[in-house]
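Peer 1: The following block contains a protein sequence and its predicted model.
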Amino acid sequence: MLIEIHMLKNYPPTNLNRDDLGSPKTCVFGGSNRSRISSQCLKRSWRKSEIFADTVGAEYLGTRTRKFPVLVKDKLVEMGVLLEYAEAIMPQMSAIGNKDAKENKKDVTKTAQIAIYSMQDIEDIANVAKAELDQCKNVSDVKKIKVKDIAEKIKNAKVRPISVDIALFGRMVTSDMFRDVEASVQVAHALSTNRVIMESDYFVAMDDLVSGKSLEDAGAGMIDSTEFNSSCYYIYASVDTDILAENLAGVEDVPGLAKKAVEGMLNAMAFSDPSGKQHAFAGHILPSFTLVECKDKKIPVSYTNAFVEAINPNEDGGLIQNSIEKLLQERQIIRKDYAVPVKESFVFCSSRYSDKVDLQNFLTVCGSYEEIIQNVISLLP
């Protein structure tokens, strides 16, 4: 089954996702400039959100890092290996996961490429490393261990269970010691439904020990500016539950964990936000509108073209209500023109707008966001 989530979030002044110059990311869509939040930013904010971990369980989540040797070292110490031995084998661990299996001579605490590792990845490789270390009489013996001696004994990469975040968002590696994982989730770059107007916040940092009582004792400690904007974002993501279940093969209770994964996704999308400049802007927003469509026939369809003509916030109804109406209109046009089969549709709209827009046409209207989640979960095997 394919689960598609269409969401509208209207943010106050924020700088959620910056470009190389520190400005909020933008793009041109429909001939006008729009705010943008990259899919990478969205996925990280969901994957790292507390509510995602609380829903899924922290023990089912992995770690995305280059510091794989440090993770293995800590695991070895936990298993009773002497710290000096665990540290001595870190150079070999820095080669794990690299296509050419070369050690990182510059920094043995890091691998050449970044990847997500499950707890099972760390434990299995630590077990192989420990078996080698148990045969060593001193640190000199540890340094003689070859990477290939470890690699040849890691035989279970294709059947080793992976974490939920890897099962959802995938993993690409260049080593046979880990398996590539096709993502079961696709995420679009979030775009503003409105034309964006970039603004700049000029600010000063005052020195607490500068009184300003004289010309020599006046002025700011720092002067700077930061760009921001305010936008209503259309967010689109899809989850292929069949690929998700395939990815989770090997764990206990695959159906139960798959349900937790989908529930975690829906919770994270609604209740978490990108972290960019949040200390300065505190842009923590809940969705004004959520539509979830479930399809047996996997034909993914984004409704982004509902906003090819930017929503005018000054028109009757305002930015959010008009965005909701345009999204629903686009959905109806696509259903009429292409007859894409949809098994179930669930919609939840903030009570501020629910009595102002027509939600009854081919939709199951939910009284709360939690009801959407429970309806979707009930469709999973």
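Peer 2: Good, I have the coordinates.

Peer 1: Which residue ranges of the stretch 51-200 of the chain form helices?
Peer 2: With DSSP state H, counting those that start in this stretch, the ranges of helices along the stretch 51-200 of the chain come out as 68-78, 83-88, 90-93, 119-133, 139-144, 147-151, 164-169.

Peer 1: could I get the ones you listed as TSV with mean pLDDT?
Peer 2: As requested, the helices of the stretch 51-200 of the chain are arranged in TSV below (pLDDT from 0 to 100):
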stretch	mean pLDDT
helix 68-78	96
helix 83-88	94
helix 90-93	92
helix 119-133	93
helix 139-144	91
helix 147-151	84
helix 164-169	97
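
Peer 1: can you pull the contacts of the residue most central in space within the chain?
Peer 2: By C-alpha atoms, centre = their mean, the mean C-alpha position of the chain lies nearest to Lys43, the distance being 1.6 Å. By C-beta atoms under 8 Å, 6 or more residues apart in numbering, the residues touching Lys43 are Phe169, Val185, Val187. Glycine gets a C-beta too; all of them are placed from N, C-alpha and C.

Peer 1: can I assume it sits in a helix?
Peer 2: Yes - Lys43 forms part of a helix when assessed by DSSP: H, G, I helix; E, B strand; the rest coil.

Peer 1: Please identify which helix or strand holds Leu8.
Peer 2: Per DSSP states H and E: Leu8 is located in strand 2-14.

Peer 1: Might you list the low-confidence residue ranges for the stretch 201-350 of the chain?
Peer 2: 215-216 (pLDDT under 70).

Peer 1: which stretches of it form helices?
Peer 2: Using DSSP H, counting those that start in this stretch, helices in the stretch 201-350 of the chain cover 241-247, 254-271, 278-281, 318-338.

Peer 1: Including distance to Val181 and mean neighbour count, could those helices go into CSV?
Peer 2: Formatted as CSV, the helices of the stretch 201-350 of the chain follow (distance: least, C-beta to C-beta, whole Å; neighbours: other C-beta atoms under 10 Å):
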stretch, distance to Val181, mean neighbour count
helix 241-247, 6, 20
helix 254-271, 13, 21
helix 278-281, 30, 13
helix 318-338, 31, 18
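
Peer 1: could I get these as a markdown table with distance to Asp358?
Peer 2: Shown next, in a markdown table, are the helices of the stretch 201-350 of the chain (distance: least, C-beta to C-beta, whole Å):
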| stretch | distance to Asp358 |
| --- | --- |
| helix 241-247 | 30 |
| helix 254-271 | 23 |
| helix 278-281 | 34 |
| helix 318-338 | 7 |
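
Peer 1: and the angle for the strand ranked longest in the chain with strand 2-14?
Peer 2: Counting by DSSP state E, the longest strand found in the chain is strand 222-240. Angle, strand 222-240 to strand 2-14, by axes from the mean of the first three to the mean of the last three C-alpha atoms, to 10 degrees: 170 degrees.

Peer 1: For strand 222-240, which helices and strands make contact with it?
Peer 2: strand 2-14, strand 32-37, strand 185-187, strand 190-192, strand 199-205, helix 254-271, helix 318-338 (3 or more C-beta pairs under 8 Å, 6 or more residues apart in numbering; DSSP states H and E).

Peer 1: Which one of the ones you listed lies nearest to Glu371?
Peer 2: Checking the helices and strands packed on strand 222-240 against Glu371 by C-beta to C-beta gives helix 254-271 as the closest, at 11.4 Å.

Peer 1: what's the burial count for the nearest residue to Tyr236 once chain neighbours are set aside?
Peer 2: Closest residue to Tyr236 apart from its sequence neighbours, by C-beta to C-beta, 6 or more residues apart in numbering: Ala188 at 4.3 Å. Neighbourhood size, Ala188 [other C-beta atoms under 10 Å]: 17.

Peer 1: now do the one 4 residues further on
Peer 2: When counting by other C-beta under 10 Å, one arrives at 29 neighbours for Ser192.

Peer 1: My guess is Pro255 contacts Leu248. True?
Peer 2: No - with contact defined as C-beta atoms under 8 Å, Pro255 and Leu248 do not form a contacting pair (9.1 Å).

Peer 1: before we move on, back to that, against Ser351, how distant is the residue nearest to Tyr236?
Peer 2: Computed as C-beta to C-beta, to the nearest Å, the Ala188 to Ser351 distance reads 27 Å.

Peer 1: Give the buried residues for stretch 147-154.
Peer 2: For stretch 147-154, burial by neighbour count (16 or more other C-beta atoms under 10 Å) applies to Val147, Ile150, Ala151, Ile154.

Peer 1: any residues touching it, and which ones?
Peer 2: By C-beta under 8 Å, 6+ apart, stretch 147-154 touches 92, 95-96, 101, 103, 124-125, 128-129, 131-132, 176-177.

Peer 1: for stretch 91-99, same thing?
Peer 2: Outside stretch 91-99, the residues touching it (C-beta under 8 Å, 6+ apart) are 68-69, 72-73, 101-104, 107-113, 115, 125, 129, 143, 145-147, 150-151, 173-175, 177-178.

Peer 1: With stretch 167-187 instead?
Peer 2: 39, 42-43, 47, 96-99, 101, 113, 115-117, 121, 125, 151, 154, 157-158, 160, 162, 166, 236-241, 243-244, 247-248, 261, 265, 300.

Peer 1: filter the residues you listed to the buried ones?
Peer 2: 39, 42-43, 47, 96-98, 101, 115-117, 121, 125, 151, 154, 157, 160, 162, 166, 236-241, 243-244, 247-248, 261, 265.

Peer 1: Next one: the most far-flung residue of the chain relative to its centre relative to Met222, how far apart?
Peer 2: Ranked by distance from the centre of the chain (C-alpha atoms, centre = their mean), the top residue is Ser214, with 52.0 Å. Distance of Ser214 to Met222, computed by C-beta to C-beta: 20 Å.

Peer 1: re earlier: helices or strands up against the strand holding Leu8?
Peer 2: Against strand 2-14 (3+ C-beta pairs under 8 Å, 6+ apart) you get strand 222-240, helix 254-271, helix 278-281, strand 289-295, helix 318-338.

Peer 1: That's all I had, so thanks and see you.
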